[in-house]
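*Asks:* sequence unknown, structure follows:
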């Protein structure tokens, strides 16, 4: 079976960056199957890249190699990283980009990619995706163990915990992603919500919007009306604030990082 290598970047598709990485991957591992997760991560937005990667990675067959590059610190002090979990291998800059996805797996090994034998002969100051990360992914796909790439990196970067907080009758979460439909995805999973609310009534508030019920589908409210619904968040279900047939972010000014509160009414 050929190796599966996925790509997640903020490069877009207008320029030659993604094609260059794919060229290296196929030169070094011609049998690889390349799958684009996304190249539309907002530029330099590590949080967004980490979220999208974590959403998609778990749906791939075990053994897939997930290559991610959102790298505002390219050429600086940040390390190049390879992480092996129970099911996958993740490759990218050591800036927290890989941490959301790896949090859903048991991490078995993490190393700094440092051995120049597994990089291109010439390494640019600004394109480590092509010169370091893609070659490393291809060599791993060809059977090179992570330990050959460089020294252990047990202290690799983690993004802050995204879980909601509970104080008394209030759960405080946040909007962690705005998707292309304008849905505001939060860090409150369905198990979080059910355990907190139980059988009690509740109010969900974000910015000026307050909702007092959950919907099972978008069409349970009139067109243009807001709703709260559990949508897919990778392998979990996450609370989303949406508008039926519309854009919740635009309609209510909701942005990533906004506070969401759930108040339990006993």
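*Replies:* Nice, I can see it. Predicted model only: the values in this text are computed from it and were never measured.
*Asks:* how many other residues sit next to residue 198?
*Replies:* Under the neighbour criterion other CB atoms under 10 Å, residue 198 is assigned a count of 10. Quick note: C-beta positions are derived from backbone N, CA and C, even for glycine.
*Asks:* give the contact list for it.
*Replies:* Taking CB atoms under 8 Å, 6 or more residues apart in numbering as the contact definition, residue 198 lies against residue 264.
*Asks:* change it to 10 Å
*Replies:* The neighbours of residue 198, taking CB atoms under 10 Å, 6 or more residues apart in numbering as the test, are 264, 266.
*Asks:* tell me the pLDDT at residue 235?
*Replies:* Model confidence at residue 235, given as pLDDT, is 60.
*Asks:* For the nearest residue to residue 213 once chain neighbours are set aside, which three-state class applies?
*Replies:* On the basis of CB to CB, 6 or more residues apart in numbering, the spatially nearest residue to residue 213 that is not a chain neighbour turns out to be residue 228, at 7.3 Å. Applying DSSP: H, G, I helix; E, B strand; the rest coil to residue 228 yields a three-state assignment of strand.
*Asks:* Now do the residue nearest the centre of the chain, the pLDDT please.
*Replies:* Here the mean C-alpha position of the chain is nearest to the C-alpha of residue 51 (CA atoms, centre = their mean), at a distance of 2.4 Å. At residue 51, the pLDDT value in this model is 93.
*Asks:* That one is in contact with residue 68, isn't it?
*Replies:* No: contact criterion CB atoms under 10 Å: residue 51 and residue 68 do not qualify, at 11.4 Å.
*Asks:* how about residue 54, secondary structure?
*Replies:* Classification of residue 54 by three-state DSSP places it in helix.
*Asks:* Test my guess that it contacts residue 88.
*Replies:* No: between residue 54 and residue 88 there is no contact, the gap being 11.4 Å when judged by CB under 10 Å.
*Asks:* Quick check: neighbours shared by the two?
*Replies:* With contacts defined as CB under 10 Å, 6+ apart, the residues shared by residue 54 and residue 88 are 66, 101-102, 104.
*Asks:* are any of those residues buried, and which?
*Replies:* With burial judged by 16 or more other CB atoms under 10 Å, the buried subset of those is 66, 101-102.
*Asks:* coming back round to it: with distance to residue 203 and secondary structure as added columns, please give the shared contacts of residue 54 and residue 88 in TSV.
*Replies:* As requested, these are exported to TSV (distance: CB to CB, whole Å; DSSP: H, G, I helix; E, B strand; the rest coil):
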residue	distance to residue 203	secondary structure
66	38	strand
101	33	helix
102	35	helix
104	30	coil
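*Asks:* and which of these is nearest residue 13?
*Replies:* Here the nearest of the shared contacts of residue 54 and residue 88 to residue 13, counting by CB to CB, is residue 66; it sits at 19.0 Å.
*Asks:* Just confirm the closest one contacts residue 81, I think it does.
*Replies:* No: contact status for residue 66 versus residue 81: not in contact, 11.9 Å apart, counting by CB under 10 Å.
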